[in-house]
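Visitor: This is a predicted model, with the sequence first.
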Amino acid sequence: MATAETIYVGELRTQATHNASGVSILTDAPVDNHGKGAAFSPTDLLATSLGSCMLTIMGIEAGKRGFDINGTRVTITKHMASNPRRVSAIDVELTFPHNQYNDQEKRLLSHISKTCPVALSLHPDILQNIIIHYGQNN
C-alpha cells in the first residue's frame with residue numbers, strides 16, 4: 001500500500017493524506033518563494049522530520065533501556081541555498097528536561113541524533129548541526 005497521497009489544491013498549496021491513518025497535512029510555499037507561508041513548506045517538513053525522527057528513535061531506545069526522554073524538545077532551523085534552491089543546513093537543538101542521564105545514556109542519545117533513519121537519508125551535502133542540552137527547563 002502507498003504511504004501517502006498528495007493533491008495540489010491550488011495557490012501553491014498541497015494536501016497530503018497518510019493512507020494508514022487518514023490524517024492530512026497542508027503545505028504552502030514559503031513567503032520567500034511566492035507563497036503565503038500559511039503552513040509548513042515541503043522543505044520545512046524535510047527539516048522538521050529530522051528532529052521528529054531523532055526523538056522517536058530516542059524514545060524507542062530509552063524505553064528499551066528503562067529510562068525516558070519525556071518532555072524533550074527539539075528546535076529546528078532550516079537554512080536554504082540558491083542555485084539550485086535547496087536545503088543547505090539544518091540546525092537541531094535538543095533540550096532534555098533533566099540531567100539525570102548517565103554517560104552511557106548520553107552517548108546513546110548523541111549517537112541516535114546522528115544515525116536516525118532521516119539523518120542517514122539526507123544528502124551528505126546537507127549540514128546537520130546538532131546541539132544537545134541536558135537539565136534545562138522547557
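Guide: It's in.
Visitor: Contacts only, for residue 54.
Guide: Contacts for residue 54 (C-beta atoms under 8 Å, 6 or more residues apart in numbering) come out as 74, 92, 94, 112, 113, 116, 118, 119. In short, each C-beta sits where N, CA and C put it, glycine included.
Visitor: And the next helix or strand past the strand or helix carrying it?
Guide: Counting by DSSP states H and E, the secondary-structure element that holds residue 54 is helix 42-65. For helix 42-65, the following helix or strand on the C-terminal side (DSSP H and E) is strand 73-81.
Visitor: so for that following strand, what's the average pLDDT?
Guide: What strand 73-81 shows for mean pLDDT is 98.
Visitor: Which other helices and strands does it contact?
Guide: helix 42-65, strand 86-95 (3 or more C-beta pairs under 8 Å, 6 or more residues apart in numbering; DSSP states H and E).
Visitor: can you list contacts of stretch 96-109?
Guide: Here stretch 96-109 has contacts from 58, 61-62, 65, 67, 69-72, 94, 132-138, using C-beta under 8 Å, 6+ apart.
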